[in-house]
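Asks: Pasting the sequence and the predicted coordinates here, then a few questions.
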Amino acid sequence: MRLRHYTVFDKNDRYFDDYKNAAICRKVANKCYLPANRLILDMIRQFDGRFKVAYSITGVLLEQLLSFSPEVMSTFDALAETGCVEFLAETYYHSLSFLYSRDEFVEQV
């Protein structure tokens, strides 16, 4: 998540740079997630389901993909339907809150 330039004079609570986040998410989706997911789907088909893979995806990434690159979510659906993909439990954030408060970190994780 990219933060926007925020000064002490700003009065709203919009900390994130939605424009940059959308642009970066779309770029990564087109260069990485979509080609990789298509390749893995092809390999599963090529090897008649003997090729298996596991994914670990944060909640933040899922939010961004749903908002900015929903076509990636469709490829995850197609992969799940093969029965050869396992989606692993993952934290919602990759948090650095432990640097601030151990209690906050435990709450998040």
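Replies: Received, thanks. Here the structure is a predicted model, which is why all the values come from computation and not from measurement.

Asks: Wait, a strand at Ala54?
Replies: Yes. Counting by DSSP: H, G, I helix; E, B strand; the rest coil, Ala54 is part of a strand.

Asks: Tell me if I'm right that it and Cys84 touch.
Replies: No. Judged on Cβ atoms under 8 Å, Ala54 makes no contact with Cys84 at a distance of 10.0 Å. Where C-beta positions appear, they are placed from N, C-alpha and C, glycine not excepted.

Asks: anything in contact with each of these two?
Replies: Applying Cβ atoms under 8 Å, 6 or more residues apart in numbering, one finds that no residue jointly contacts Ala54 and Cys84.

Asks: and the two? which has more neighbours close in?
Replies: Shown here are Ala54 and Cys84; by other Cβ atoms under 10 Å, Cys84 has more neighbours (20 against 9).

Asks: Pretty sure Arg45 is one of the things that one touches, is it not?
Replies: No. Applying Cβ under 8 Å as the test, Cys84 and Arg45 come out as separate, 9.5 Å apart.

Asks: Strands along this structure, start to end?
Replies: Remark: strands assigned in the chain by DSSP state E are 53-56, 85-88.

Asks: Output those as CSV; include the columns mean pLDDT and distance to Gln64.
Replies: Below are those laid out as CSV (pLDDT from 0 to 100; distance: least, Cβ to Cβ, whole Å):
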stretch, mean pLDDT, distance to Gln64
strand 53-56, 97, 15
strand 85-88, 97, 17
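
Asks: now those strands in CSV, with distance to Cys32?
Replies: Below are the strands of the chain laid out as CSV (distance: least, Cβ to Cβ, whole Å):
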stretch, distance to Cys32
strand 53-56, 13
strand 85-88, 17
